[in-house]
Structure formats: structure tokens, C-alpha cells
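**Student:** one predicted model, sequence on top.
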Amino acid sequence: MVVGVCHLDIILPEGSSLKGKRQVIKSLVTRVRDKFNVSISEVGGQDLWQRAQVGICLVGNDKRMINSSLDKVIDYIERMRLVEVIRTDMEFLNFKYDEV
């Protein structure tokens, strides 16, 4: 089993209030979750108007497939133009289980 974790630092250039930011982040999270069936959540910067940190997680059997899927998620987020992605970090965790 492979777990892919992606951390995004994003800027909301139009952010002028926390309420507006929450609406944008909620829209982003819902659209990404519905399109790609990944776990996604705001994980940092909740008190900042124009900055946020988003975590995305995907589980599967093949690291290349997970890497490709997370790349597609990032590309989709950038093409939506709701936010500007300023940094991405990806990590892959491998778990091996003995068959019983």
C-alpha cells in the first residue's frame, strides 16, 4: 500500500476577509474532492485572509499512479484560478503487509 500526501501553500489574491477566504477554500475543497475522490482539507493558515495551507491525501497500490493523480489535482487547482499555488511538497509512504 502506498499513501501519497501533498501539501500546498496557496495565496488567495482576492481575499479581503476570512469569510470570503472560507467560501473560496470550501469551493476548492468540494470541487477537488468531487472530481478526484481524494481527501483534502485546509490544514494551516486558518486565521490569515490571503494565505492557506491545504493537505491532499490519496491511497493506492502504485506510487506512479498516485504521483500522477496528485499532479493532476495540482494542475486542476492551478487551472481553476481561484488561488495561486506558491509551493508544493509531496511525500509517499510505503507500507508492506505480510499475507496471512
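**Tutor:** All right, it came through fine.
**Student:** CA atoms for contacts and neighbours, from now on please.
**Tutor:** Will do.
**Student:** need the contact list for Ser39.
**Tutor:** 33, 55-58 (C-alpha atoms under 8 Å, 6 or more residues apart in numbering).
**Student:** which pLDDT value belongs to it?
**Tutor:** Here, the pLDDT recorded for Ser39 equals 97.
**Student:** swap in Leu28?
**Tutor:** For Leu28, the pLDDT comes out at 96.
**Student:** same check, this time on Lys96
**Tutor:** Lys96 is given a pLDDT of 87.
**Student:** tell me the contacts of it?
**Tutor:** Residues near Lys96 by C-alpha under 8 Å, 6+ apart: Met1.
**Student:** how close does it sit to Ile66?
**Tutor:** Distance, Lys96 to Ile66, by C-alpha to C-alpha, to the nearest Å: 16 Å.
**Student:** low-confidence ranges, the chain, go.
**Tutor:** Within the chain, the stretches with pLDDT under 70 are 99-100.
**Student:** state the helix or strand in which the residue nearest in space to the middle of it lies.
**Tutor:** Residue closest to the mean C-alpha point of the chain, counted by C-alpha atoms, centre = their mean, is Ile56 at 3.6 Å. Assessed by DSSP states H and E, Ile56 sits inside strand 51-60.
**Student:** which of the residues in whatever helix or strand comes next after that strand are buried?
**Tutor:** With elements assigned by DSSP H and E, the helix or strand that comes after strand 51-60 is helix 63-80. Within helix 63-80, the residues scored as buried using 16 or more other C-alpha atoms under 10 Å are 63, 66-67, 69-70, 73-74, 77.
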